[in-house]
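Undergrad: Okay, here's the prediction I keep looking at, along with the sequence it came from:
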Amino acid sequence: MAFDLDSLSEATSGAIGALVSTTVLYPLDTCKTKYQAEVRTHNQQKYRNISDVLWEAISTHQVLSLYQGLGTKNLQSFISQFVYFYGYSFFKRLYLQKSGSKSIGTKANLIVAAAAGACTVIVTQPLDTASSRMQTSAFGKSKGLWKTLSEGTWSEAFDGLGISLLLTANPSIQYTVFDQLKQRILKGQLSNKRGTESSPESLSALSAFMLGAASKCIATCLTYPAIRCKVTIQAAESDEDGNNEAQSKSQKTVSGAFYAIWKREGLLGFFKGLQAQILKTVLSSALLLMIKEKIPKITWVLMLALRRYLFLTRTRLKSA
């Protein structure tokens, strides 16, 4: 079966962008995740804000531990973005072919993005769970990927799968907003170039960065309570004291996580760490989309060259 080069180019560009943005912003991501995972008990909390997490790493001489789980996170980010962008591009192209439309509407875009997101979540959930547990481990005590996964059952590797599927609404909202704004900007640029044969094929780096930031900010604000619960579920076994096993098990369900946050922190608890989440995800997504917008042509040429090389190799083997 022939590869869809356009979809493959989109997927590779998105995956490379994810790899770069994840690596650059990983210390911030670790601080954010440890802060989100903490559920206040008896009106006491270890971290008042994410800067407390950073200060703990500095004061205990464990700054490099801010990178614990980076390899797993990079693997998860690369695979998830590749699967997502390939699925999104493929389903979008398939919809346009079947419907005969020249552009995709908002409702159809949301459905396509949700379908791509669901495929991505199912494939990468064990890596996502492992990376969250590694990030929320005590500084300097994080375990490797295989040990982290092997300590629990296979079903525990999919902790938070239900809420992760729910959170496919996040990238659906993000990329729908991004695509709609992008189309309006490109149409505006095209109308300013009337009488010429050239047309804009991509956004400038600055425009892509700004649109990426705006679209992710909107998506994050709308879905943040579910994001907080997901981190709580995945980190439930990371209790350093080991004295709250029953409590941790109850927090491994969606209802248990919601109840624990509501009981101990109230309504505002569902938005704990929102500023840090917005800062990290907005910067990450904006950087990812900026890179993705600028390298698809190079990726497409490389894919075309690879396909030609494989074709020539296969032809030589047949003639030998």
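TA: Nice, thanks for sending it over.

Undergrad: Can you find the helix or strand of this protein with the lowest average pLDDT?
TA: Every helix and strand in the chain was compared by mean pLDDT, DSSP states H and E; the lowest is helix 245-250, with a mean of 54.

Undergrad: all helices of the stretch 201-320 of the chain, in order?
TA: Ranges of helices in the stretch 201-320 of the chain, per DSSP state H, counting those that start in this stretch, are 205-234, 245-250, 254-265, 274-294, 296-319.

Undergrad: and what of the stretch 51-200 of the chain?
TA: Read by DSSP H, counting those that start in this stretch, the stretch 51-200 of the chain holds these helices, from start to end of the chain: 70-99, 106-136, 145-150, 161-166, 169-191.

Undergrad: isn't V254 right up against I163?
TA: Yes - using C-beta atoms under 8 Å, V254 is in contact with I163, at 5.4 Å. From N, CA and C alone the C-beta is placed, and that goes for glycine too.

Undergrad: before we move on, back to that, export the helices of the stretch 51-200 of the chain to CSV and append columns for mean pLDDT.
TA: What follows is those, written out as CSV (pLDDT from 0 to 100):
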stretch, mean pLDDT
helix 70-99, 84
helix 106-136, 84
helix 145-150, 76
helix 161-166, 84
helix 169-191, 80
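
Undergrad: Need those helices in JSON lines (columns: mean neighbour count and distance to A226).
TA: Formatted as JSON lines, the entries for the helices of the stretch 51-200 of the chain read as follows, by neighbours: other C-beta atoms under 10 Å; distance: least, C-beta to C-beta, whole Å:
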{"stretch": "helix 70-99", "mean neighbour count": "20", "distance to A226": "17"}
{"stretch": "helix 106-136", "mean neighbour count": "21", "distance to A226": "13"}
{"stretch": "helix 145-150", "mean neighbour count": "15", "distance to A226": "23"}
{"stretch": "helix 161-166", "mean neighbour count": "18", "distance to A226": "6"}
{"stretch": "helix 169-191", "mean neighbour count": "18", "distance to A226": "8"}
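
Undergrad: Let's have the ones you listed in JSON lines, adding distance to Y26.
TA: Shown next, in JSON lines, are the helices of the stretch 51-200 of the chain (distance: least, C-beta to C-beta, whole Å):
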{"stretch": "helix 70-99", "distance to Y26": "5"}
{"stretch": "helix 106-136", "distance to Y26": "9"}
{"stretch": "helix 145-150", "distance to Y26": "15"}
{"stretch": "helix 161-166", "distance to Y26": "20"}
{"stretch": "helix 169-191", "distance to Y26": "20"}
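
Undergrad: Can you say which of those is nearest to K34?
TA: With C-beta to C-beta, the closest approach to K34 among the helices of the stretch 51-200 of the chain belongs to helix 106-136: 5.4 Å.

Undergrad: by contact count, what packs against that closest one?
TA: Where contact means 3 or more C-beta pairs under 8 Å, 6 or more residues apart in numbering; DSSP states H and E, helix 106-136 is packed against helix 26-37, helix 70-99, helix 145-150, helix 161-166, helix 169-191, helix 205-234.

Undergrad: With respect to V20, which of those lies nearest?
TA: Checking the helices and strands packed on helix 106-136 against V20 by C-beta to C-beta gives helix 70-99 as the closest, at 9.7 Å.

Undergrad: chain center to the closest one: distance?
TA: A distance of 11 Å separates the centroid of the chain from that of helix 70-99, by C-alpha atoms, centre = their mean, to the nearest Å.
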